[in-house]
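> Could you work out the structure for the sequence below:
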Amino acid sequence: MADQATETWRTDDADRAEMAERVERSGTSFYWSMRLLPRAKREAMFAIYAFCRAVDDIADEPAPLESKQAGLAEWRAEIERLYAGRPTHAVARALVDPVRRFALRREDFLAVIDGCEMDAHGPVVAPDWSTLRLYCARVAGAVGHLSVHVFGAPDRQGYKLAAALGEAVQLTNLLRDVAEDARDGRLYLPRELLQRHSVPPLPASALAHPALPLVCLDVAKVAETRFAEAAEALRVLPHRAMTPARIIEGIYHRLLARLTAEGFRRLEPKMRLSKGEKLRIALARLVW
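Now for the predicted structure:
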């Protein structure tokens, strides 16, 4: 049985409103998929997103490692307080009702923090495939686990969807952000593919190497396979309940297709879909 927050605290309207404002201000591609949900599910997803953003911001901030570790450790403690019914942070307070209503698992929140710690310990540079996939599972797959609980998917098929779509979306994000990450001293492309194409496993050198697009295309093939697996999982899950997942799949699959069509020859400015295009995809997924 999933952990449940105790009855000593309930989420109030002020915390719910703050989460909605945070998500809207963020400009996330996930906004429309969340906005179309029924109220209780929408508020749950807003709170989950706000949690992910809060811990990710700690990992990305220009601060000493000790400060980042302390910030993430405090969030671990806050998750424990959440499940004990004594949250202190606005985001954790906003999660109390969703944890209770949708049986959200403590280990999924902690896995997201684990993923952020991988970033916090220093720039990730040319990880091997197994490490990269672990990173994707933590920062995206665990979020998917939380999300499918909210959407109402059966555990086995829902987790299959979360794993496939989470990895596909995260790989797409990493491909889109290659140039930006390289400037920050990061390189999330797998070591094995860099070696295959004789690309140096160093951010600046890799970014300037003529074979970098070939590495990106190989990663894109993996992401494409994972999108196909996600689509297969969606076909056997409740259609209406999975509308948010179909919207996310549609937006990020379109982004991957756009990147692939250009052959990763133009990495700057960062590829983006317009708000209008995202909205059209969302509306199409309502009837697909």
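> Domains of this structure: list them as residue ranges, please.
According to automatic domain parsing, the chain comprises the domains 1-121, 123-288.
> now the ones you listed as a markdown table including mean pLDDT?
Formatted as a markdown table, those follow (pLDDT from 0 to 100):
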| stretch | mean pLDDT |
| --- | --- |
| domain 1-121 | 88 |
| domain 123-288 | 94 |
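> want to throw those into CSV with mean neighbour count?
Where C-beta positions appear, they are placed from N, C-alpha and C, glycine not excepted. Shown next, in CSV, are the domains of the chain (neighbours: other CB atoms under 10 Å):
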stretch, mean neighbour count
domain 1-121, 18
domain 123-288, 18
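> Would you check that residue 78 makes contact with residue 88?
Yes: the criterion here is CB atoms under 8 Å, and residue 78 meets it with residue 88 at 6.7 Å.
> Now do the contacts for the nearest residue to residue 111 once chain neighbours are set aside.
Residue nearest to residue 111 in three dimensions, not counting chain neighbours: residue 142, with 3.8 Å by CB to CB, 6 or more residues apart in numbering. Neighbouring residues of residue 142 by CB atoms under 8 Å, 6 or more residues apart in numbering: 108-109, 111-112, 115, 166.
> Which of these sits closest to residue 60?
Checking those against residue 60 with CB to CB, the nearest one is residue 115 at 12.2 Å.
> quick one: what helix or strand has that closest one in it?
Following DSSP states H and E, one finds residue 115 within helix 106-120.
> what comes into contact with that helix?
Contacts for helix 106-120 (CB under 8 Å, 6+ apart): 2-3, 51-52, 55-56, 58-60, 65, 68-69, 72, 75-76, 79, 82-83, 124, 134-135, 137-139, 141-143, 145-146.
> and residue 162, what does it touch?
So residue 162 contacts 141, 143-145, 147-148 (CB under 8 Å, 6+ apart).
> What is the nearest of those to residue 31?
residue 147 (13.9 Å).
> show me where the stretch 151-288 of the chain has helices.
Counting by DSSP state H, counting those that start in this stretch, one finds helices in the stretch 151-288 of the chain at the ranges 155-176, 178-183, 191-196, 203-208, 212-235, 243-261, 275-287.
> which residues sit against the fifth one?
So that's helix 212-235. 157, 160-161, 164-165, 167-168, 171-172, 174-175, 178, 189-190, 193-194, 196-197, 199, 206, 242, 245-246, 249, 252-253, 256, 259-260, 263-265.
> same deal with stretch 249-256?
Taking CB under 8 Å, 6+ apart as the rule, stretch 249-256 contacts 29, 33, 165, 168-169, 172-173, 175-176, 220, 223-224, 227, 230-231, 234, 271, 273, 277-278, 281-282, 284-285, 288.
> what do you get for stretch 28-37?
23-24, 42, 45-46, 49, 150, 243-245, 247-248, 251-252, 273, 278-279, 282, 286.
> before we move on, what about stretch 94-101?
Identification of contacts with stretch 94-101 by CB under 8 Å, 6+ apart yields 3-5, 9-11, 15-16, 18-19, 40, 43-44, 46-48, 50-51, 82-83, 85, 87, 104, 150.
> Enumerate every residue touching the spatially closest residue to residue 89 that is not a sequence neighbour.
Beyond its immediate neighbours in the sequence, the residue positioned closest to residue 89 (CB to CB, 6+ apart) is residue 78, lying 5.3 Å away. Residues near residue 78 by CB under 8 Å, 6+ apart: 87-89, 92.
> now the helix or strand in which residue 78 is found and helix 106-120, what's the angle there?
Taking DSSP H and E as the definition, residue 78 sits inside helix 65-83. Angle of helix 65-83 versus helix 106-120, following axes from the mean of the first three to the mean of the last three CA atoms, to 10 degrees, is 170 degrees.
> Counting by contacts, list what the host helix or strand of residue 25 packs against.
Assigned by DSSP H and E, residue 25 belongs to helix 13-26. Judged by 3 or more CB pairs under 8 Å, 6 or more residues apart in numbering; DSSP states H and E, helix 13-26 is in contact with helix 31-35, helix 39-60, helix 90-102.
> Need the CA coordinates for that helix. PDB is fine.
The C-alpha coordinates for helix 13-26 follow below in PDB (Å, rounded to 0.1, in the frame of the first residue of the first chain):
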ATOM      1  CA  ASP A  13      -6.700  27.400  -1.300                       C
ATOM      2  CA  ALA A  14      -3.800  29.800  -1.000                       C
ATOM      3  CA  ASP A  15      -1.300  27.000  -1.500                       C
ATOM      4  CA  ARG A  16      -3.200  25.700  -4.500                       C
ATOM      5  CA  ALA A  17      -3.400  29.100  -6.100                       C
ATOM      6  CA  GLU A  18       0.300  29.600  -5.600                       C
ATOM      7  CA  MET A  19       1.100  26.400  -7.400                       C
ATOM      8  CA  ALA A  20      -1.100  27.300 -10.300                       C
ATOM      9  CA  GLU A  21       0.700  30.700 -10.600                       C
ATOM     10  CA  ARG A  22       4.100  29.000 -10.500                       C
ATOM     11  CA  VAL A  23       3.300  26.600 -13.300                       C
ATOM     12  CA  GLU A  24       1.800  29.300 -15.500                       C
ATOM     13  CA  ARG A  25       4.800  31.600 -15.000                       C
ATOM     14  CA  SER A  26       7.200  28.800 -15.900                       C
END
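> Good, wrapping up.
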